[in-house]
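Novice: What follows is a predicted protein model with its sequence.
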Amino acid sequence: MDPVRVLRQIALELERVGEPGYRVRAFRKAATVVAGLSGDELAERVRAGTLTSLPGIGKTTAAIVADAVAGREPDYLARLTGRPGEELPDGGPLRSALRGDCHTHSDWSDGASPIEEMAEAAIALGHDWMVLTDHSPRLTVANGLSADRLRRQLSVVAGLNERLAPFRVLTGIEVDILDDGALDQDPGLLAELDVVVASVHSKLRMAAPEMTERMLTAVANPRVNVLGHCTGRLVKGRGRPESAFDAEAVFTACREHDVAVEINSRPERLDPPRRLLRLARELGCRFAIDSDAHTPGQLGWQPYGCVRAAECGVGAEDVVNTMSAAELVAWARP
């Protein structure tokens, strides 16, 4: 067994079931350390029992590596994959039709992993593409990207795509919708991106008339392609109520401007609620079924959104994630 792959699989499983980030990072760091060893050095350290002398390798991860090198499934992995927990739905035919994910984050903003690790996880899920949508500058708590940092990221993505072809990392952003509906990034730079997701992250309790006007202004911007987690609600923990706005007006504007309404698959969001999802479908909107993943393991959350979409009558023909990368870019560019 490949010890690097085993360590990364454990990290993915821990992420999927919501284990603390520090635990996930420990396995991912160990995988990076092991990946830097030659085959001979790895074998010698396993034989001599000196793996734990390397920074980032503890007793648990050393035992996992030793088992993998010996061709045994590590007990840690077997316990993790066999323990009871929330069963992830398969997402049915709609999940099978998805070719990518329009809303993902990396460690350039508030994600936990490098772009390449996110891309490799997307490839493992069978995706053809993913849109990288790190946050915009005003969201400082999420290490939002300045214009200069975003330009540097575009260069990194270009190089990564050369190595990962035919898989494509599409350039994008989750841009904040400002209080007046303007977008939190340089307009010229937004025009260079493949896909733009626009979301409200501040003043979520704004009065309904003002919130409606704010969202309508953003949706009318020709550079917006997807309206992200439109109500801003959180349904787990202490929760957060939905933002108040005229949903019929906003979804009608989405249809008229060909902006996809996001079906956010994060278990703590599941946004929009079913009643609004049905309304958007009845009004003829397009949809984007997205993971809003901040870690590689969270990319696997799309089935949650697929189940809700199917329950509300959304078909594959209504979902932009069923497009090829070229088709998506052609649709998204103004």
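Specialist: That came through fine.
Novice: who touches residue 308 in this structure?
Specialist: Taking Cβ atoms under 8 Å, 6 or more residues apart in numbering, we find residue 308 in contact with 263, 270, 274, 277. Yep, even glycine has a C-beta here, placed from its N, CA and C like the rest.
Novice: and residue 195, how many neighbours?
Specialist: Per other Cβ atoms under 10 Å, the neighbour tally for residue 195 reads 26.
Novice: just residue 28 next, same as before
Specialist: For residue 28, the neighbour count with other Cβ under 10 Å is 23.
Novice: Quick one: residues contacting it.
Specialist: Shown in contact with residue 28 (Cβ under 8 Å, 6+ apart): 7-8, 11, 112-113, 117.
Novice: Please produce a markdown table containing those, extended by neighbour count.
Specialist: What follows is the contacts of residue 28, written out as a markdown table (neighbours: other Cβ atoms under 10 Å):
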| residue | neighbour count |
| --- | --- |
| 7 | 28 |
| 8 | 24 |
| 11 | 27 |
| 112 | 21 |
| 113 | 25 |
| 117 | 21 |
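Novice: out of these, what pair is the most spread apart?
Specialist: In those, two members sit farther apart than any others by Cβ to Cβ. They are 7 and 112, at 14.9 Å.
Novice: What distance do you get for the spatially closest residue to residue 7 that is not a sequence neighbour to residue 73?
Specialist: Closest residue to residue 7 apart from its sequence neighbours, by Cβ to Cβ, 6 or more residues apart in numbering: residue 31 at 3.8 Å. For residue 31, the distance to residue 73 equals 17 Å [Cβ to Cβ, to the nearest Å].
Novice: Compare those two (neighbour count), which wins?
Specialist: Using other Cβ under 10 Å as the criterion, residue 31 and residue 73 rank with residue 31 on top: 25 against 13.
Novice: Name the residues of the helix or strand harbouring that one that come out as buried.
Specialist: Residue 31 belongs to helix 21-35 when elements are defined using DSSP states H and E. Residues of helix 21-35 classed as buried by neighbour count (16 or more other Cβ atoms under 10 Å): 24-31, 33-34.
Novice: likewise stretch 281-294?
Specialist: 281, 283, 285-294.
Novice: go on, stretch 226-238?
Specialist: Neighbour-count burial for stretch 226-238 flags 226-234 (criterion: 16+ other Cβ under 10 Å).
Novice: any idea of the mean pLDDT for it?
Specialist: For stretch 226-238, the mean pLDDT works out to 94.
Novice: Next: stretch 63-82.
Specialist: Across stretch 63-82, the per-residue pLDDT values average to 89.
Novice: do the same with stretch 247-267
Specialist: Averaging pLDDT along stretch 247-267 gives 97.
Novice: Give me the distance from it to the chain's centre.
Specialist: Distance, stretch centre to chain centre, for stretch 247-267: 18 Å (Cα atoms, centre = their mean, to the nearest Å).
Novice: List the contacts of residue 241.
Specialist: Taking Cβ under 8 Å, 6+ apart, we find residue 241 in contact with residue 233.
Novice: Just the ones of the contacts of residue 28 in helices?
Specialist: Here DSSP state H is the test, and these give 7-8, 11, 117 as lying in helices.
Novice: Turn the residues you listed into CSV, columns for pLDDT and distance to residue 42.
Specialist: Compiled in CSV, those are given as follows (pLDDT from 0 to 100; distance: Cβ to Cβ, whole Å):
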residue, pLDDT, distance to residue 42
7, 93, 12
8, 88, 16
11, 88, 19
117, 89, 20
